[in-house]
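Visitor: Show me how the following folds:
(2 chains)
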Amino acid sequence: EAGVVQSPRYKIIEKKQPVAFWCNPISGHNTLYWYLQNLGQGPELLIRYENEEAVDDSQLPKDRFSAERLKGVDSTLKIQPAELGDSAVYLCASSFGKGGEAFFGQGTRLTVV
Amino acid sequence: GESVGLHLPTLSVQEGDNSIINCAYSNSASDYFIWYKQESGKGPQFIIDIRSNMDKRQGQRVTVLLNKTVKHLSLQIAATQPGDSAVYFCAEANYGGSQGNLIFGKGTKLSVKP
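Guide: Residues are numbered from 1 along each chain as shown, chains lettered A, B, ... in the order given. Modelled structure (predicted):
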């Protein structure tokens, strides 16, 4: 069975440009997370979905970040416009409901120049 | 605020020795704890978890110990192998309450010397 799939793996963009990341969670997992990971740090939650509903987006910088999870399966995370400080790894994870381990994708490494 | 942290940022062990990675947490309401392993260029990989109604759980070559009195979590790796070299993160959650998110610590880098 395929794990959490993210694309692209790497992305280099100029500041002020838009960028989007895509995530396909493990089949049957209704909970989906987007995390941001800076170098040498632990992942930090951006948003959590239960099915198609964003149940916790308190850490999402809503002036430039947006996310959606249509039909409660795949999800996209968008940044517009990107800033230099957005350079990081963006991780997607999924779990079967709340209360257990989350399975992570390989992440998208974003470099803003 | 509440946070999860690690005592040792780096740990170097000899192949075949046992490794112990420690983690302190501050949210006494946390009821679920998990250890992840992250290799370079990859996402975190689940190792083992434990719920607050337990104080010890064993897996294959790994053991997690939970001491709620001092809010301390540890990961023990038996007979450490070169393939165990990675960054290890502990994370906590309060699934029984309103905090349904995993909160991660900063990580400990484990280096295994052959």
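
Visitor: In contact with residue 31, which residues are there?
Guide: No chain in the question, so chain A it is. Applying CB atoms under 8 Å, 6 or more residues apart in numbering or on different chains, we find residue A:31 in contact with A:48-50, A:94-98, A:102. In this view, the C-beta of every residue, glycine as well, is placed from N, C-alpha and C.

Visitor: Chain B, not that one
Guide: Listed by CB under 8 Å, 6+ apart, the contact set of residue B:31 reads B:51-53, B:93-97.

Visitor: same question, residue A:88
Guide: Counted by CB under 8 Å, 6+ apart, residue A:88 has contacts A:36-39, A:109-110.

Visitor: Inside strands: which ones of those?
Guide: Under the assignment DSSP state E, the contacts of residue A:88 contribute A:36-37, A:109-110 to strands.

Visitor: Low-confidence stretches in the chain?
Guide: Went with chain A since none was named. Applying pLDDT under 70 to chain A picks out residues A:1, A:99.

Visitor: wrong chain, I was asking about chain B
Guide: Regions of chain B meeting the criterion pLDDT under 70 cover residues B:1-8, B:97-99.

Visitor: and it, which of its residues are near chain A?
Guide: Within chain B, the residues that sit near chain A (CB under 8 Å from any CB of the partner chain) are B:4, B:32, B:34, B:36, B:41-46, B:49, B:89, B:91, B:95, B:100-107.

Visitor: Residue A:83: which of the contacts of residue B:31 is nearest?
Guide: Distance ranking of those against residue A:83, using CB to CB, places residue B:93 first at 29.9 Å.

Visitor: excluding its backbone neighbours, what's nearest the closest one?
Guide: Distances taken as CB to CB, 6 or more residues apart in numbering or on different chains place residue B:32 nearest to residue B:93, at 4.6 Å, with adjacent residues excluded.

Visitor: Residue A:44 versus the one you found, what's the distance?
Guide: Noted for residue B:32: a distance of 18 Å to residue A:44, by CB to CB, to the nearest Å.

Visitor: which residues touch residue 13?
Guide: The chain I'm using is chain A. By CB under 8 Å, 6+ apart, the contact set of residue A:13 is A:19, A:82, A:110-113.

Visitor: not quite, I wanted chain B
Guide: Residue B:13 neighbours (CB under 8 Å, 6+ apart): B:19, B:80, B:110-113.
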